[in-house]
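Chemist: attaching a predicted model along with its sequence, questions to come.
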Amino acid sequence: MSLSVTWSKLRWPLLVGATWAVLMFLMLPTLVAVPVSLTTERYLSLPHGAISFDHYASLVSDPSWRNSALQSLGIGIVVTVLATTLGTAAAIGLWRLSSWAAEAARVVFLAPMIVPPIVSALAFYKLFAQMRLIDTFVGVILAHTLLATPYVLITVAASLATIDLRQEQASRSLGASTWRTLRSVIVPQIMPGVTAGAVFAFIISWDEIVVTLFIAARTVYTLPRKMWDGINEAVDPTIAAAATVLFLVTMILIGLQVVREARRQ
Amino acid sequence: MSRVAVAAAGGRPLAVRLPSSPWLLVLPFLAVLAVFYVVPIGQVLWLSFSDPTLGFGNYARLASSESLQRVLLTTFRVCATTTFFAITLGYLIAYVMIHAGPTHRLWITGFVLVPFWISLLVRAFAWLTLLRSEGIINNALIGLGVIDQPLPLVYNEFAVVIGMVHYMVPYAVLPLYANMKGIDPRLADASRSLGAGAGRTFLSVTLPLSMPGIVAAGLLVFILTLGFFVTPAILGGGKVVMIAEYVSVQVLKTVRWGVGTMMASVLLATVVFLLIAMAKVVDVRQMFGAK
């Protein structure tokens, strides 16, 4: 009896304790990458007492790290613009269509999300070899755009689902053209979905490695690609600094997104 | 253009509404996707039947080649183990989230979602830093005098499973939480008031009611793990070769497109098959946020 009473009292604290242990396990990589990037040593280690930002300095001063970071940023921005435009247009188009054709188009549109990255990588590799697009910015931007656009499509579609279709009819019956209706009635209302989609698109390009590994080599050398080679060769704390930058940029973008969402509600 | 259409349709502007216009918005992405994605995916599938000779030769190897069977077996074993642990840990988190107060739940959600956004590469690198023989864990254990030889924590299946479980727990939590939120808490109360203990109530009421969530989350985790490339490649160090890494070696190193595309096709077919199976249990489009 007393045993079962103790158990019923302890059950919840034990469950909560176990849950937070798992959550700490989930946070472990960040709890490691950040301090390692601040070590004063030239090898991977936790800082002993003193910290230094030298490894961040070498991200900026070492031309190969700097180029990689700038390339990732540039590719990410171009991909964001293209994917957001294509994805938003497609989402609006699908929203106004309702037929078996639109249903089929939806399945095709989500394919890049469902197909395993290695299969996409083979497809791009084969195609770009024929088109002479291997190791070109055009190729990497094209591939990243195709991978990112479905995410834009989905977030915009979620925003559109809350709009009454009759608003569009009202606008048009008052004499507005299609473009005017889009610009003045539809787009302003789905802006939260569009910006969320843009953030996702940037992060997908910013992080992408599997496809990039196949279609980029020397000319195009993104930050994840440089990290990948570094991980397999040497163990340099600059990689930890690069990892922390990859992580922080993602977190800042997601954080801004969450704050915007919270303000709206 | 639109006026012509309206006039032709006998002046019913609302019914006509620029018939071609929605397609004009859809077509750009559809065209890019068709030319630069669907066609080359088809090419990959076709190569699996045509390289080096036309026929089912590449697929026949599945029955005879021990190395191919080992890759499939490793993939299946690692994915099944990962799914088991991800679901168990995810279930614990989802269960506590359901029963926690609103503030506590918000904190847990935050701690689940932050790792959700850390890239695979960053995570694999962090685990390598922790698990290497001169890594943080081994150094700490040696420093404390617990062990005198570094433990083999990395470049084995153990490390791959840790890295993959770490990635998949958030994917498990979200569908499990959604399912548990739909269970009426009064059912557990009723069970308790009828005299069942906490353990009995959990086993006979809560767990069976959350089975649909477990199946859905389990299938999702399993499907996503099948295609893993970065984590096994880095944490397995060439010793734990799963399908994706095998495909990359076949295509980039040994340049055997036939075998590589065959394995890629098997992977794709398995994923599609499991997704269709999953669609029978849950709304897949909702899970991918498409609804």
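Modeler: Alright, I've got the coordinates.

Chemist: just give the nearest non-adjacent residue to residue A:113, would you?
Modeler: In space, and not counting its chain neighbours, residue A:113 is closest to residue A:150: 4.7 Å by CB to CB, 6 or more residues apart in numbering or on different chains. Just so you know, the C-beta spots here come from the backbone N, C-alpha and C atoms, and that holds for glycine as well.

Chemist: repeat for residue B:168
Modeler: residue B:86 (3.9 Å).

Chemist: dump the residue contacts of the one you found.
Modeler: Contacts were defined as CB atoms under 8 Å, 6 or more residues apart in numbering or on different chains; by that measure residue B:86 touches B:164-165, B:168-169, B:171-172, B:221.

Chemist: before we move on, back to that, name the helices or strands packed onto the host helix or strand of the residue nearest to residue A:113?
Modeler: If you go by DSSP states H and E, residue A:150 is part of helix A:137-160. Where contact means 3 or more CB pairs under 8 Å, 6 or more residues apart in numbering or on different chains; DSSP states H and E, helix A:137-160 is packed against helix A:63-96, helix A:100-114, helix A:117-131, helix A:187-207, helix A:210-215, helix B:21-33.

Chemist: now the first one: mean pLDDT?
Modeler: It stands for helix A:63-96. Averaged over helix A:63-96, pLDDT sits at 94.

Chemist: of the contacts of residue B:86, closest to residue A:136?
Modeler: Proximity of the contacts of residue B:86 to residue A:136 (CB to CB) peaks at residue B:164, which lies at 33.0 Å.

Chemist: the closest one and chain A, how far apart?
Modeler: Here the distance between residue B:164 and chain A works out to 13 Å (CB to the nearest CB, to the nearest Å).

Chemist: can you give me phi and psi for residue B:227?
Modeler: Dihedral pair for residue B:227: phi -90, psi 10, per degrees, to the nearest 10.

Chemist: pipe the helices and strands packed on helix A:137-160 into TSV and attach mean neighbour count and distance to residue A:228 per row.
Modeler: Supplementary listing: these in TSV, determined by neighbours: other CB atoms under 10 Å in any protein chain shown; distance: least, CB to CB, whole Å:
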stretch	mean neighbour count	distance to residue A:228
helix A:63-96	21	11
helix A:100-114	16	21
helix A:117-131	22	13
helix A:187-207	21	12
helix A:210-215	24	7
helix B:21-33	19	27
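
Chemist: quick one, which of those helices is nearest to residue A:180?
Modeler: Of the helices and strands packed on helix A:137-160, nearest to residue A:180 by CB to CB is helix A:187-207, at 10.8 Å.

Chemist: how confident was the prediction at the residue in the stretch 151-291 of chain B that chain A sits nearest to?
Modeler: Closest residue of the stretch 151-291 of chain B to chain A, CB to the nearest CB: residue B:227 (2.9 Å). At residue B:227, the model reports a pLDDT of 95.

Chemist: and residue A:45, what are its phi and psi?
Modeler: Main-chain torsions, residue A:45, degrees, to the nearest 10: phi -160, psi 160.

Chemist: tell me the pLDDT of the closest residue to residue B:205 other than its chain neighbours.
Modeler: Nearest residue to residue B:205, sequence neighbours excluded (CB to CB, 6+ apart): residue B:191, at 4.6 Å. As predicted, residue B:191 sits at a pLDDT of 89.

Chemist: what's the neighbour count on residue B:211?
Modeler: By other CB atoms under 10 Å in any protein chain shown, the residues close to residue B:211 number 11.

Chemist: for residue B:179, see how far away it is.
Modeler: Counting by CB to CB, to the nearest Å, the gap from residue B:211 to residue B:179 is 9 Å.

Chemist: where does pLDDT dip in the chain?
Modeler: Assuming you mean chain A. Counting by pLDDT under 70, the ranges of chain A that qualify are A:1-5, A:234.

Chemist: wait, chain B
Modeler: B:1-20, B:283-291.

Chemist: after the longest helix along it comes which helix or strand?
Modeler: Under DSSP state H, the helix in chain B containing the largest number of residues is helix B:66-99. Once helix B:66-99 ends, the next helix or strand along the chain (criterion: DSSP H and E) is helix B:102-116.

Chemist: residue contacts, the closest residue to residue A:159 other than its chain neighbours?
Modeler: Leaving aside its sequence neighbours, residue A:159 sits nearest to residue A:193 (CB to CB, 6+ apart; 2.8 Å). Residues near residue A:193 by CB under 8 Å, 6+ apart: A:155-160.

Chemist: any idea how far the longest helix of chain B is from the chain center?
Modeler: Relative to the chain's own centre, helix B:66-99 is displaced by 10 Å; criterion: CA atoms, centre = their mean, to the nearest Å.

Chemist: from the stretch 101-250 of chain A, which residue is nearest to chain B?
Modeler: Going by CB to the nearest CB, chain B is nearest to residue A:116 of the stretch 101-250 of chain A, at 2.9 Å.

Chemist: okay, the residue nearest to residue B:168 and residue A:100: tell me how far apart.
Modeler: Applying CB to CB, the value for residue B:86 to residue A:100 is 37 Å.

Chemist: buried set for the helix or strand where residue B:200 lies?
Modeler: Secondary structure from DSSP H and E places residue B:200 in helix B:198-201. The neighbour-count check on helix B:198-201 (16 or more other CB atoms under 10 Å in any protein chain shown) flags B:198, B:201 as buried.

Chemist: what lies in contact with the helix or strand just after that helix?
Modeler: Moving toward the C-terminus from helix B:198-201, the next helix or strand (DSSP H and E) is helix B:207-209. Residues from elsewhere that reach helix B:207-209 (CB under 8 Å, 6+ apart): B:183, B:187.

Chemist: just stretch B:230-241 next, same as before
Modeler: Residues contacting stretch B:230-241 (CB under 8 Å, 6+ apart): A:209-210, A:231-232, B:70-71, B:74, B:78, B:120-121, B:123-125, B:127-128, B:131, B:154-157, B:159-160, B:162-164, B:167, B:242, B:244-245, B:248-249.

Chemist: with only the CA atoms kept, save it in CSV.
Modeler: What follows is stretch B:230-241 as a C-alpha-only set of coordinates in CSV (Å, rounded to 0.1, in the frame of the first residue of the first chain):
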residue,chain,number,x,y,z
VAL,B,230,24.4,12.6,-44.0
THR,B,231,24.2,11.0,-40.5
PRO,B,232,25.2,7.4,-41.5
ALA,B,233,27.9,8.8,-43.8
ILE,B,234,29.5,10.9,-41.0
LEU,B,235,28.8,9.0,-37.9
GLY,B,236,29.1,5.5,-39.5
GLY,B,237,32.4,6.4,-41.1
GLY,B,238,31.9,4.0,-44.0
LYS,B,239,31.2,1.0,-41.6
VAL,B,240,27.4,1.4,-41.5
VAL,B,241,26.4,1.8,-45.1
